[in-house]
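1. Pasting a predicted model and its sequence here:
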Amino acid sequence: MSYSLSKQIAHCYFRAWKCGELAARSINAADRQVYGERKQAWLTLARSYEFSERLGQMLKRCKSKESAVFC
């Protein structure tokens, strides 16, 4: 697992959590919506990084095998 990528994933989840907190504390409906949208954007980015990480691990395993029949 790439430390750098894992660090980015954690950062995205942290930012999503912060946006959720800000949305919950917002009095203004427009602010709640903006923070909610930002939260979803951070979660989407985190999931994208997670997918890239899993794909990279899978490709690395395939390259390490003598036969690529399973890949």
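-> Yep, it's here. Numbers count the residues shown, from 1 in each chain.
2. what about Ala46, which SS state?
-> helix (DSSP: H, G, I helix; E, B strand; the rest coil).
3. Apart from its neighbours in sequence, what residue is nearest it?
-> Using Cβ to Cβ, 6 or more residues apart in numbering and skipping the chain neighbours, the partner closest in space to Ala46 is Cys12 (3.6 Å). Just so you know, the C-beta spots here come from the backbone N, C-alpha and C atoms, and that holds for glycine as well.
4. buried set for the helix or strand containing the one you found?
-> For Cys12, the host element (DSSP states H and E) is helix 3-25. By neighbour count on 16 or more other Cβ atoms under 10 Å, the buried set for helix 3-25 is Gln8, Ile9, Cys12, Tyr13, Arg15, Ala16, Cys19, Gly20, Leu22, Ala23.
5. Quick test: name the residue nearest the centre of the protein.
-> Most central in the chain under Cα atoms, centre = their mean is Ala46, positioned 0.7 Å from the mean C-alpha point.
6. Tell me how far that residue lies from Leu5.
-> Plainly put, Ala46 is 11 Å away from Leu5 if you go by Cβ to Cβ, to the nearest Å.
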